[in-house]
Structure formats: structure tokens, C-alpha cells
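**Q** mind folding the following:
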Amino acid sequence: MSNPAKQKGSAYERLIVDALNDAGFNAERTRAGWADDRGDVHGVSHPVLGNFTFECKNHRRMDLAGWMGELERERTANGGGLGVVVHKKIGVASADQQYATLPLWMLVQLLKEAGYR
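**A** Residues are numbered from 1 along each chain as shown. Sure, this is the predicted structure:
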């Protein structure tokens, strides 16, 4: 892999997958070559809410609206469950300090499923 941007993105995806697995999930990087992009990470699912889609972004410039559009397309291809854009906190290497952005309706659904009232 000689493309530096692709190498940077792949390393970031591995960082996020490792953090999810350290937290007890069975996450893997999504294999390349699917005709319908299903996100960057798979293997996280819920019996009621379905597959969870992760879109990982390691960019200096934020394009949150574009990334959220990409997440929506990939979430639909992944079965329509919930999803998140995990994006780089510049200057911070720790996975657990990265940013995670999702639409409010998804947060509400997660809070309800977790039992918050």
C-alpha cells in the first residue's frame, strides 16, 4: 500500500477496532471490495437494533455534513441499524479520546435501549 492517505486511514481504522475489541466487542475492519460500502468496521450488532455502522475519518479538515451523508449510505447498505462517524481528534493518539458523532435520533434510541428515562 503506497498511498500515504490510505495508510493513514487504515491505521486509524485499526486503532478504533482495537479499542472496540479492548472494550469487549468482536469488531473487525470491513473487507475491501464490497460493491455496497457498509462502513469501515463491522462485527458490532444488537439483537433489536441490528448492525452498527462505523465510518472512521482521519482528516485534518472536518467535513461533518459529507461524512454524515456517507454514514447514512453505508448504514443503509449495512442493514439500516444505527451508526457513528468516528473522527480524529488532531494531536491525540489515544483511541478513547477520539470524537464520535451521530444524529440525535440515534442517540435517543441508544439511551432508551440502555434504560435511560
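**Q** retrieve the pLDDT associated with Asn3.
**A** Asn3 is assigned 89 on the pLDDT scale.
**Q** can you count the residues close to Val44?
**A** For Val44, the count of nearby residues is 21 (other C-beta atoms under 10 Å). All C-beta spots, glycine's among them, are computed from the backbone N, C-alpha and C.
**Q** so it makes contact with Glu28?
**A** No - here Val44 does not reach Glu28: they are 9.5 Å apart, not a contact under C-beta atoms under 8 Å.
**Q** which helix or which strand is home to Cys56?
**A** Secondary-structure element containing Cys56, defined by DSSP states H and E: strand 53-57.
**Q** what helix or strand is the nearest residue to Ala95 once chain neighbours are set aside located in?
**A** Taking C-beta to C-beta, 6 or more residues apart in numbering, and ignoring the residues beside it in sequence, Ala95 has Ala19 as its nearest neighbour in space, at 3.5 Å. Element membership of Ala19 [criterion: DSSP H and E] is helix 4-22.
**Q** after that helix, next one along is what?
**A** Using DSSP H and E, the next helix or strand after helix 4-22 towards the C-terminus is strand 28-29.
**Q** hmm, who's touching that next one?
**A** The contact list for strand 28-29 (C-beta atoms under 8 Å, 6 or more residues apart in numbering) reads Ser10, Glu13, Arg14, Val17, Asp40, Val41, His42, Gly43.
**Q** quick one, helices of this structure?
**A** In the chain, the segments counted as helices under DSSP state H are 4-22, 64-77, 104-113.
**Q** pLDDT weak spots in the protein?
**A** Flagging of the chain using pLDDT under 70 yields the residue ranges 1, 33-34.
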